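Chemist: Sequence and predicted structure are below.
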Amino acid sequence: MAIVTNTTTGPERPHHTLWGDAWVRLRRNKLAMAGGIFIIILALAAIFAPLITPYDFAHQDYTAILQNPNAKHWLGTDGLGRDVFARLLYGARTSLAVGIFTQLIVICIGLPIGAIAGYSGGKVDNALMRFVDVMYGFPDLLLVILLKAVLGSGIYQLFLAIGLVAWVNISRLVRGQIMSLKSRDFVSAARAMGGMGRYITWRHLLPNALGPIIVSITFNIPRAIFTEAALSYIGIGVRPPTPSWGAMIHDGYDVIFASWYQVFFPAIAIALVMMAFTFLGDGLRDALDPKLRH
Amino acid sequence: MTRYAIRRILWLLVVLLVVSFITFSLMHLVPGGPWDREKQLAPQVIEALNRKYGLDKPFFVQYGNFLLGLLHGDLGISYSYQDRGVTQILMQGLPITATLGITAFIIAILIGISLGMAAALKQNSWIDYLSVLFSTIFASIPGFVLAIILMVVFSVILHWLPTGGWGSVSQIIMPAFALAALPAAFIARITRASTLEVMHQDYVRTARSKGLLERVVLIRHILRNSLIPVVTIAGPEFANLVTGSVIVETIFSIPGIGRLFVQGIFARDYGLIMGSVLFYAFVIAIANLVVDILYGMIDPRIRYD
């Protein structure tokens, strides 16, 4: 990791870094490792979906409609004769893409705003944080739905709608971190040596605030995945035929009594992904907390 | 304390004002309008309708008119329910959403606190493991997903409960539990951790050693102190639960405010959208306010100035 060089202090010390210690601690946490491994397997399965299943997620086979799980269609077929397993696999692409791209937007907005507010303090901080407070008062799911309605259908619009709402947490977190770090000795030293505000922020403050930011992002990802599923479920998420677990639940809902597999498998998939990210986040939080030296 | 409360209420009004402005702006940016129908209306008809409902006026005039109406408790008209105003429609949804939300929240608190307390008091027993297992699993499953799983199990496979609707006790069970599970898991986790911490505090040992009954120590010293962190998260958890009801109401076809919001979005029904967003923002703000005030009451160390 490139960050390691930033956080080590003296050249004579044995090679014990925050990140090295964190990795050791994380590896000891079975639940977190299980979550991480699940996410990696899911990501690989999503990327290599065409190699895993011979079926296309959008191909409609009218001779095989609403089949129960069988040898040919492992998880059955939906009301349009599409293979459910294939749709789940390709749906994982949508979910993971939502998880990643929304967080990129969150970082692009939340990090600078939090850093500016925390570093400059005073009026700027006050104004920015009042704005963040108002955003907190907005029921987030409703705002995402409204934004999505404004931006129109499509997956990029979905990234944007979720990202534009979810940055608030990060900005508050980054601000708090920067505020508590900026009075520390190593920052004063950097300033005494003539470091400029932006240099100090990027070089000293943010790398040291990185741990909590990573943890927060890990918890934000499942929230974003869930939001996409919820939006696609009510029908304003991704555009068909883009496979999405939420959209699968939407489609399967009408035939729930004829074939409950249609809603059950995607629901279980969402639950597993949420759990995996939460376990990983819990593990990362414990591993990166310097107060917890076991 | 009074000054603090006044300042918080003023801030609440500011938040609601900004929320209403953002919502109003976003609604007017949404492509399409309330008169979009399967069969295209004649341009003259649309023009006449716009004039009738003031939609031809400049944006800020429209917003001003809305605020004037709001001062009189009038949220304007709904374009999809032409017989009733938005205020009336929301008033019909309100008791439903409130019943669901409050039932779910009470379930969450009861399960969460009792499971968390029991786990801490009998650490490393089967109840402790059960509690940890419960909070580990359910702390990450959103109500929407749980609702689907519950529906498959209890409606489709077992035929015990109806898949939706509103009016009978059997219809509230699944949505309430779907909404309650996640906050219950969080509350259980926090209660367990804080009870474990409080149990080993000096003042608990003092209380025991001066010969207080175990029951008194438990209620007056352990319970009261271990609930402080629970109260802090109760506000945000209630807010999450209430916003979660938007989706859960839609799943279970419950005619509450959440479903009205979703309907409003699809129908471009500006009045309905605005009314329901303000309702949710108001509930969230009040929940946080109540929690802050409660916090000061149970923890005398907190002082507001």
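Modeler: Received the coordinates, thanks.
Chemist: would you say A:Ala269 is within a helix?
Modeler: Yes: A:Ala269: assigned to a helix according to DSSP: H, G, I helix; E, B strand; the rest coil.
Chemist: Using the three-state scheme, assign the closest residue in space to A:Tyr253 that isn't next to it in sequence.
Modeler: Using Cβ to Cβ, 6 or more residues apart in numbering or on different chains and skipping residues adjacent in sequence, the residue nearest A:Tyr253 is A:Val263, 5.9 Å away. C-beta coordinates here come from the backbone N, C-alpha and C atoms, glycine included. Here A:Val263 is recorded as helix under three-state DSSP.
Chemist: quick one: B:Gly64 from A:Gly118, how far?
Modeler: For B:Gly64, the distance to A:Gly118 equals 37 Å [Cβ to Cβ, to the nearest Å].
Chemist: Actually, B:Gly69.
Modeler: B:Gly69 is 41 Å from A:Gly118, by Cβ to Cβ.
Chemist: which one of these two has more residues nearby?
Modeler: The residue with more neighbours, out of B:Gly69 and A:Gly118, is A:Gly118; 27 against 17, by other Cβ atoms under 10 Å in any protein chain shown.
Chemist: what ranges do the helices span in the stretch 151-300 of chain B?
Modeler: B:169-199, B:202-209, B:214-216, B:224-226, B:228-251, B:257-267, B:270-298 (DSSP state H, counting those that start in this stretch).
Chemist: Which residues does the fourth one contact?
Modeler: Around helix B:224-226, the neighbours that count as contacts under Cβ atoms under 8 Å, 6 or more residues apart in numbering or on different chains are B:117, B:120, B:191, B:194-195, B:197-198, B:201, B:298.
Chemist: quick one: which of those residues is nearest to A:Thr94?
Modeler: Using Cβ to Cβ, B:Thr191 comes nearest to A:Thr94 of those, at 36.8 Å.
Chemist: buried sites along stretch B:275-295?
Modeler: B:275-285, B:287-289, B:291-292, B:295 (16 or more other Cβ atoms under 10 Å in any protein chain shown).
Chemist: Using CSV, list the CA coordinates for that stretch.
Modeler: The C-alpha atoms that make up stretch B:275-295 are tabulated as CSV, following Å, rounded to 0.1, in the frame of the first residue of the first chain:
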residue,chain,number,x,y,z
GLY,B,275,-47.1,17.2,1.7
SER,B,276,-45.6,13.8,2.3
VAL,B,277,-42.0,15.0,2.2
LEU,B,278,-42.8,17.7,4.8
PHE,B,279,-44.6,15.1,6.9
TYR,B,280,-41.5,12.9,7.0
ALA,B,281,-39.1,15.8,7.6
PHE,B,282,-41.3,17.0,10.4
VAL,B,283,-41.4,13.6,12.1
ILE,B,284,-37.7,13.2,11.8
ALA,B,285,-37.0,16.6,13.3
ILE,B,286,-39.5,16.1,16.1
ALA,B,287,-37.9,12.6,16.9
ASN,B,288,-34.5,14.2,17.1
LEU,B,289,-35.8,17.0,19.3
VAL,B,290,-37.5,14.7,21.7
VAL,B,291,-34.4,12.5,22.0
ASP,B,292,-32.2,15.5,22.8
ILE,B,293,-34.6,16.7,25.5
LEU,B,294,-35.0,13.2,26.9
TYR,B,295,-31.3,12.8,26.9
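Chemist: So it, near chain A or not?
Modeler: Yes: using Cβ under 8 Å from any Cβ of the partner chain, we find that stretch B:275-295 touches chain A at B:276-277, B:280-281, B:284-285.
Chemist: what's that stretch in contact with?
Modeler: A:137-139, A:142, A:146, B:5, B:8-9, B:12, B:15-16, B:19-20, B:23, B:75-76, B:86-87, B:89-90, B:93-94, B:101, B:228, B:231-232, B:234-236, B:238-239, B:242-243, B:246, B:257-258, B:260-261, B:264, B:302.
Chemist: Of those, keep whichever come out buried.
Modeler: Applying 16+ other Cβ under 10 Å to those, the neighbour count classes A:137-139, A:142, A:146, B:12, B:15-16, B:19-20, B:23, B:75-76, B:86-87, B:89-90, B:93, B:101, B:228, B:231-232, B:234-236, B:238-239, B:242-243, B:246, B:257-258, B:260-261, B:264 as buried.
Chemist: mind listing what's buried in stretch A:246-262?
Modeler: Under the neighbour-count criterion of 16+ other Cβ under 10 Å, stretch A:246-262 has A:246-253, A:255-256, A:259-262 buried.
Chemist: Just the ones of those residues in helices?
Modeler: In helices, judged by DSSP state H, the following of the buried residues of stretch A:246-262 are found: A:246-253, A:261-262.
Chemist: nearest to chain B, of those?
Modeler: A:Ile249 (6.0 Å; Cβ to the nearest Cβ).
Chemist: what about B:Glu214, neighbour count?
Modeler: If we define neighbours as other Cβ under 10 Å, then B:Glu214 has 10 of them.
Chemist: residues in contact with B:Gly143?
Modeler: B:178-179, B:181-182, B:241, B:244-245, B:247-248.
Chemist: if you set the cut-off to 6 Å instead, what comes out?
Modeler: B:178-179, B:244, B:248 (Cβ atoms under 6 Å, 6 or more residues apart in numbering or on different chains).
Chemist: which two in those residues are spaced the farthest apart?
Modeler: The farthest-apart pair in the contacts of B:Gly143, when distances are taken by Cβ to Cβ, is B:Ala178 and B:Gly244, at 8.4 Å.
Chemist: near chain B at all, stretch A:233-242?
Modeler: Yes: Stretch A:233-242 is in contact with chain B by Cβ under 6 Å from any Cβ of the partner chain, via A:Ile234.
Chemist: Next: stretch A:31-40.
Modeler: No: using Cβ under 6 Å from any Cβ, stretch A:31-40 stays clear of chain B, with a minimum separation of 7.3 Å.
Chemist: For that stretch, give the mean pLDDT please.
Modeler: Taken as a whole, stretch A:31-40 has a mean pLDDT of 92.
Chemist: so how far is that stretch off the chain centroid?
Modeler: Taking Cα atoms, centre = their mean, to the nearest Å, one finds stretch A:31-40 lying 14 Å from the centre of the chain it belongs to.
Chemist: Flag every buried residue along it.
Modeler: A:32, A:35-36, A:38-39.
Chemist: Ok, stretch B:207-222 next?
Modeler: Residues B:207, B:217-218, B:221-222 are the ones in stretch B:207-222 that count as buried (16+ other Cβ under 10 Å).
Chemist: Can you add pLDDT and give the residues of stretch B:275-295 next to chain A back as a markdown table?
Modeler: Formatted as a markdown table, the residues of stretch B:275-295 next to chain A follow (pLDDT from 0 to 100):
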| residue | pLDDT |
| --- | --- |
| B:Ser276 | 92 |
| B:Val277 | 91 |
| B:Tyr280 | 91 |
| B:Ala281 | 90 |
| B:Ile284 | 87 |
| B:Ala285 | 86 |
